[in-house]
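Asker: Okay, predicted coordinates and the sequence, questions at the end:
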Amino acid sequence: LQVLPQIFETVDKFSALRAAKIGEEFKVNYIIKGSGNEYQRLDDIKAAKCRFIIPLNFPAAYDVDDVYDAANVSTADLKHWEMAPANPHALEKYFIPFAITTADLKVKKDFWKNLRKAISYGLSEKQALKSLTVTPAELLNVSDKIGKLKSGMIANFIITSGNLFDEKTIIYENWVQGN
């Protein structure tokens, strides 16, 4: 009998910590679908020993041209706008395992732009690739079949014109299960 992983979707860093406490009480190691503000409570999140799925849904810049509109934007909102792209790097720095998702993106095409932005905010390319391949396979308990390119595993890979994270790189081929 294979036990399916259980994912707990949260709306903020406090919900993630509550989910960890619920999991602890019921002896369930939830995978937490984060909200993007985990960087605000890294010590607590590290101590909770959870694994995360992190959306790359960064807040849009606030229109502060008009002083009256600018007065309605809180300092906390401005700080989150500034820090949200650094969330994946903060998790990497604290050795908190996470996968990256397109969830919550209104425009899925923004995924690669946002991933590059996260890299420009400190996320290593090595961790970005791991968060797209190895970690999701581990979270789903299928790392013996997918997530790496090696003998005996299902061959899912792409062929590109250069570094996958370079904006000008072209994906030439996308191989799924060896085809």
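Answerer: Sure thing, it's come through. Residues are numbered from 1 along each chain as shown.

Asker: wait, what's in contact with the residue nearest to Lys108 when sequence neighbours are not counted?
Answerer: Among residues not flanking Lys108 along the chain, Thr102 sits closest, at 5.3 Å (Cβ to Cβ, 6 or more residues apart in numbering). (Glycine included, C-beta is placed from N, CA and C.) By Cβ atoms under 8 Å, 6 or more residues apart in numbering, the contact set of Thr102 is 55-56, 108, 111.

Asker: what does Lys27 give?
Answerer: By Cβ under 8 Å, 6+ apart, no residues touch Lys27.

Asker: Check what pLDDT the residue nearest to Lys108 gets.
Answerer: Thr102 is assigned a pLDDT of 95 by the prediction.

Asker: and the spatially closest residue to Ala118 that is not a sequence neighbour, what helix or strand is that in?
Answerer: Spatially, and ignoring its direct neighbours in sequence, Ala118 is nearest to Pro88 (4.7 Å; Cβ to Cβ, 6+ apart). Following DSSP states H and E, one finds Pro88 within helix 87-93.

Asker: So for that helix, what gets flagged as buried?
Answerer: By 16 or more other Cβ atoms under 10 Å, the buried positions in helix 87-93 come out as 87-92.

Asker: Repeat that for stretch 99-116.
Answerer: Buried, per 16+ other Cβ under 10 Å, within stretch 99-116: 99-102, 111, 114-116.
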